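Chemist: Sequence and computational prediction follow.
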Amino acid sequence: MDVAVLNRRFVGAQEKVAFRSAFAWEEWLCRPDIAPAKELLLVRATIDPGGAHGFHTHPTREEIIYVLSGRAEQWVGAQRRELCAGDMALIPRGEVHGTYNVGAEPLTFLAMLSPAHAEGPATVDVASEEPWCSLRAPGSSPPQSHPVCP
């Protein structure tokens, strides 16, 4: 590991790794090439209105999603809920989940995953598999609303 990374205790705009992925603008603040955390990954993701990180799983990691702004239709397994700023979802290791921007504004959230180092694929897309591909079909029931979302 790079000595600068090994000794890094703060990550600023110049050290983060930012790029447009297939589903979001990603700003990685903690991963092995940025900071020496042994158990944690941290990314700030922004999904455009109507966009999504469709149903997928992290076979070897658990995850917390913490909403900073916007509105998410968040799925954890077959459960769904509307999340807004200040809400979070806990996704156990290997649990199928998906995050959909159902608002008119960008959805920005922090995703914290652990452990930082894990064998196998980081993400497995299951959006085209049943039952996941049918859960958001036209005519399905809306997510449980959150009383404080605008």
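Modeler: Good, I have the coordinates.
Chemist: would you say residue 134 is within a helix?
Modeler: Yes: counting by DSSP: H, G, I helix; E, B strand; the rest coil, residue 134 is located in a helix.
Chemist: so how many other residues sit close to it?
Modeler: Using other Cβ atoms under 10 Å, residue 134 has 9 other residues around it. Any C-beta I mention is one placed from the backbone N, CA and C, and that applies to glycine too.
Chemist: try residue 105
Modeler: 12.
Chemist: One more: the one 4 residues further on?
Modeler: Applying other Cβ under 10 Å, we find 27 residues neighbouring residue 109.
Chemist: Which parts of this protein are helices?
Modeler: 3-6, 132-135 (DSSP state H).
Chemist: Of all the ones you listed, which one comes closest to residue 61?
Modeler: helix 132-135 (18.8 Å; Cβ to Cβ).
Chemist: next one: the lowest-mean-pLDDT helix or strand in the chain to chain centre, how far?
Modeler: Of all the helices and strands that make up the chain, helix 3-6 has the lowest average by mean pLDDT, DSSP states H and E, namely a mean of 86. Taking Cα atoms, centre = their mean, to the nearest Å, one finds helix 3-6 lying 27 Å from the centre of the chain it belongs to.
Chemist: Now tell me what touches that helix from outside.
Modeler: 32, 33, 34, 35, 36 (Cβ atoms under 8 Å, 6 or more residues apart in numbering).
Chemist: again, but for stretch 12-26
Modeler: Taking Cβ under 8 Å, 6+ apart as the rule, stretch 12-26 contacts 8, 27-29, 31, 33-34, 43-48, 51-54.
Chemist: And those, which of them are buried?
Modeler: 8, 27-29, 31, 34, 43-47, 51-54 (16 or more other Cβ atoms under 10 Å).
Chemist: which ones among those residues are found in strands?
Modeler: Among the buried ones among the contacts of stretch 12-26, the members found in strands (DSSP state E) are 27, 28, 29, 43, 44, 45, 46, 47, 52, 53, 54.
Chemist: contacting residues for the third one?
Modeler: Read that as residue 29. With Cβ under 8 Å, 6+ apart, residue 29 has these contacts: 11, 16, 35, 42, 43, 44.
Chemist: Closest to residue 91 out of those residues?
Modeler: residue 43 (13.9 Å).
Chemist: hang on, the earlier thing: for my notes, please list the helices of the chain in JSON lines and give distance to residue 72 for each entry.
Modeler: As requested, those are arranged in JSON lines below (distance: least, Cβ to Cβ, whole Å):
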{"stretch": "helix 3-6", "distance to residue 72": "32"}
{"stretch": "helix 132-135", "distance to residue 72": "15"}
